[in-house]
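K.L.:
output the structure for:
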Amino acid sequence: MIGLPGDGKQLVQPIHIDDVCTAIVRSLNMPATYRRTIALVGRESLAYRDFLSSLRKQMGLGAPTFMRIPRSFMRMGAALVQHLPGSLLDPETLSMLEAGNAADPTATTSVLGRPPESVDTFVEREAREEVRSTAQLRWLQPLLRYSIALVWLWTAAVSFGLYPAEASYDLLRRVGAPEAFRPLLLYGAASLDLLLGLGTMLLRRRKWLWISQICLIVGYTILITWRLPEFWLHPYGPILKNLPMLAAIYALYVLEEK
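P.N.:
Numbers count the residues shown, from 1 in each chain. Got it, this is the predicted structure:
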C-alpha cells in the first residue's frame, strides 16, 4: 500500500539520471554562444501515481494499492519527518510536487541529440531483480529491526513488573541463582534488555549490537537447556522460537554493510 498526497494526480515529468549526465556533458562541450537555460525534463509528463505504478510494473511488483492521504496530514507529516536522517520528504519537496513539474521536452531532445528515455524504460530489464530486492529491503529491513527492538523492550517491561516478580525469582532459583543475587540478576537482565531494545531502534551503527544479541540469546538458550530442559517441550515453543530470532538478527548483521 502506497500513501499518496491527495489524489496523487500531481503532474511530474521524470528524466533518467543517464540522460541528465549526458545533457550536462554535452552542454559543457557546446560553444559558449549556444549555451542557455533549459528545462531538463523527460519524454512525457504523467500523474505522480502513474509514475509510481510504472516503476512497480517494471520491477515486477504488480499493480499498487494506493491510499489517499489528506494534504493537511501530508503537510504536518512533512514538517515532522524532515528532521529524520535521509528523509526524502520535507515541506519544500511537497510544495514542489503539489505545484507540478512539466515542460516541453524539445530543448532536452536538442541537447541530447535524441528523445529522452521513456519512464517505461527506467528500470533496465537485466537489473530488475536487483532493483526489486533493494526496494523491498528498504522497508523490510527496518520492519525487521523494529520488530526485534519491540521484543527486547517488551521483555524488559515484563521483567520490570508486568510478570510477577516472585515467579521470576522462582525461575532464577530453578537455574541455581543464589537468593541474595536474584533481584540483581532479574533487574540487571531487564535493564540489559531495555538497552538492547533502545540501541536497536536508535543506534546508526549496529554490527556489535547484533553480535551481542546473538551471544546473549545463545547463552540464555544453553542455560535453559541445561537447567530447564522442559521448556523445549512447552506447547508454545518459547525456546524453539529463539531459532528464527537468531536467524533474523544474523540477517540484519549481514545486511548491515548494505
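K.L.:
can you map out the strands along this protein?
P.N.:
2-5, 11-12, 46-47, 66-69 (DSSP state E).
K.L.:
report all helices and strands that the longest helix anywhere in the chain contacts.
P.N.:
Ranked by residue count and defined by DSSP state H, the top helix of the chain is helix 128-157. Helix 128-157 sits against helix 182-202, helix 242-255, with contacts defined as 3 or more Cβ pairs under 8 Å, 6 or more residues apart in numbering; DSSP states H and E. Bear in mind the C-beta positions are built from the backbone N, C-alpha and C, glycine included.
K.L.:
those: which one's closest to Ser45?
P.N.:
Across the helices and strands packed on helix 128-157, Ser45 has its closest neighbour in helix 242-255 (37.0 Å, Cβ to Cβ).
K.L.:
between that closest one and helix 182-202, how big is the angle?
P.N.:
For helix 242-255 against helix 182-202, the angle by axes from the mean of the first three to the mean of the last three Cα atoms, to 10 degrees is 40 degrees.
K.L.:
offset the numbering so it begins at 9, please.
P.N.:
Sounds good: first residue 9 from here, last item helix 250-263.
K.L.:
only the buried residues of helix 250-263, if you could.
P.N.:
Met253, Ala256, Ile257, Leu260, Tyr261 (16 or more other Cβ atoms under 10 Å).
K.L.:
also stretch 19-33?
P.N.:
Val20, Gln21, Pro22, Ile23, His24, Asp27, Thr30, Ala31.
K.L.:
straight-line length of that stretch, end to end?
P.N.:
End-to-end distance for stretch 19-33: 28 Å, by Cα to Cα, to the nearest Å.
K.L.:
same question for stretch 68-82.
P.N.:
First-to-last residue span, stretch 68-82, Cα to Cα: 28 Å.
K.L.:
Tyr193: how many residues sit nearby?
P.N.:
Careful, residue 193 is Leu; it's not Tyr. Other residues lying near Leu193 total 15 when counted by other Cβ atoms under 10 Å.
K.L.:
which residues are in contact with it?
P.N.:
By Cβ atoms under 8 Å, 6 or more residues apart in numbering, the contact set of Leu193 is Leu180, Ala185.
K.L.:
and it, what pLDDT?
P.N.:
pLDDT for Leu193: 95.
K.L.:
now it: how far from Arg153?
P.N.:
Distance, Leu193 to Arg153, by Cβ to Cβ, to the nearest Å: 28 Å.
K.L.:
and Arg235, how many neighbours?
P.N.:
By other Cβ under 10 Å, neighbour count at Arg235 equals 13.
K.L.:
wait, isn't it in contact with Leu179?
P.N.:
No - at 9.4 Å, Arg235 does not count as touching Leu179 under the criterion of Cβ atoms under 8 Å.
K.L.:
shared neighbours of these two, which are they?
P.N.:
With the criterion set as Cβ under 8 Å, 6+ apart, the contacts of Arg235 and Leu179 do not overlap.
K.L.:
related to what we said a few turns ago, in a markdown table: the helices and strands packed on helix 136-165, plus distance to Ser220.
P.N.:
Output for these, formatted as a markdown table (distance: least, Cβ to Cβ, whole Å):
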| stretch | distance to Ser220 |
| --- | --- |
| helix 190-210 | 7 |
| helix 250-263 | 10 |
